[in-house]
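S.K.: 3D model of this:
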Amino acid sequence: MEIQVTDSYEPCLDCGACCASYRVSFYWAEAEENGIDDSMVEALTPVYSCLRGTNQSSPHCQALAGEVGKFVKCTMYEQRPSPCREVQVGDDKCQQARARHGLAALPYKTEKVSDKLKTCV
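M.R.: Numbering: from 1, shown residues only. Take a look at the predicted model:
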């Protein structure tokens with residue numbers, strides 16, 4: 001069954017699979033530039049960091065509130081690093097993460113609709 005992405009339906013709000021599937025690594029200075037709290041960052045190398053909770057065999061970002069596949073929210077949405085900003089609804093990373101969590105595939109949508117994540121509780 002394929003889910004339809006529309007202006008009134010935001011699949012990211014009941015998904016969160018990408019936040020619980022990948023290591024979110026980025027250049028260390030990006031954390032300071034984005035205002036990411038030190039408690040949310042883990043050093044990987046002298047030049048790379050990652051979001052806490054994502055550098056493990058079963059990643060789960062500590063900033064993700066809620067249950068994957070149900071209602072979710074990013075608790076640091078405005079400060080999120082570039083890897084989080086790059087994921088698009090229905091792209092390869094999205095589809096792989098959804099499959100990993102047993103969620104239905106989504107059609108690829110070129111415009112980013114995930115800005116709604118910051119306003120939901």
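S.K.: list the contacts for the nearest residue to residue 35 once chain neighbours are set aside?
M.R.: Once flanking residues are discounted, residue 35 sits nearest to residue 79: 4.9 Å by Cβ to Cβ, 6 or more residues apart in numbering. (C-beta placed from N, C-alpha, C; glycine too.) Applying Cβ atoms under 8 Å, 6 or more residues apart in numbering, we find residue 79 in contact with 34-37.
S.K.: Buried by neighbour count, from those: which ones?
M.R.: Listed as buried from these are 34, 36; burial here means 16 or more other Cβ atoms under 10 Å.
S.K.: Which members of the contacts of residue 79 occur in strands, if any?
M.R.: Using DSSP state E, the subset of the contacts of residue 79 located in strands is empty.
S.K.: Out of the contacts of residue 79, the closest to residue 16 would be?
M.R.: residue 36 (18.5 Å; Cβ to Cβ).
S.K.: Could you pull up the residues touching that closest one?
M.R.: Counting by Cβ under 8 Å, 6+ apart, residue 36 touches 30, 51, 76, 79, 81.
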